[in-house]
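> Structure for this input, please:
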Amino acid sequence: MQKAVTAVLTGLGLLVISNINGHYKPPFSMFATAVIPFIIVAVVNYQLYRINFFGAVLYGYSIVLLNDILVRVYAGGTHDQEGKAWVMLLSTSAFVLCTVSLLIYAFTTLSQKGRNSTIKNRIQNFLAVILCGACTVAVYLNFLVDL
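Now for the predicted structure:
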């Protein structure tokens with residue numbers, strides 16, 4: 001439990017520090033948009049996938065959305081149409097990188113609870129990633145594109 005809390009707080013801390021730094025140095029948070037969520041989802045959250053895969057997937061996609069909201073609202077610089085297009089491009093690349101890493105974890109990690117039914121567990125993990133990814137895209141397209 002302590003490792004999970006540490007991973008979640010570390011991920012949120014990296015995200016907040018990156019966006020505070022981007023407020024004072026505007027290009028930083030915009031170009032870190034593709035890298036920081038991927039680092040959090042792929043590296044920092046490694047222990048979360050073994051504890052609760054579905055919770056880790058929800059947390060990973062919420063990190064992608066939260067980073068996009070923070071960049072759009074809190075980042076410095078002028079927010080013209082070209083800047084919004086760059087943020088959308090880099091957020092999309094972050095989403096793709098995170099989805100690929102989550103799909104890799106869906107097939108390579110097994111939760112600590114159910115080691116007996118590996119095929120069923122991997123299919124559930126795959127469907128969790130696909131469904132949560134589709135919900136993330138829906139939220140992004142319906143609410144965050146116009147922000």
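> other SSEs contacting whatever helix or strand residue 30 lives in?
Under the criterion of DSSP states H and E, residue 30 resides in helix 26-31. In terms of contacts (3 or more C-beta pairs under 8 Å, 6 or more residues apart in numbering; DSSP states H and E), helix 26-31 is packed against helix 2-24, helix 53-74, helix 81-108. Placement of C-beta: from N, CA and C, glycine included.
> Run through the neighbouring helices and strands of whatever helix or strand comes next after that helix.
The C-terminal neighbour of helix 26-31 among helices and strands, as given by DSSP H and E, is helix 36-39. Helix 36-39 sits against helix 2-24, helix 53-74, helix 81-108, with contacts defined as 3+ C-beta pairs under 8 Å, 6+ apart.
> list the buried ones in the one helix or strand in the chain whose mean pLDDT sits lowest?
The least trusted helix or strand in the chain, going by mean pLDDT, DSSP states H and E, turns out to be helix 26-31, with a mean of 82. For helix 26-31, a neighbour-count test (16 or more other C-beta atoms under 10 Å) marks 26, 28-30 as buried.
> Could you check how far the nearest residue to residue 64 once chain neighbours are set aside is from residue 129?
Leaving aside its sequence neighbours, residue 64 sits nearest to residue 37 (C-beta to C-beta, 6 or more residues apart in numbering; 4.9 Å). Between residue 37 and residue 129 the computed distance is 15 Å (C-beta to C-beta, to the nearest Å).
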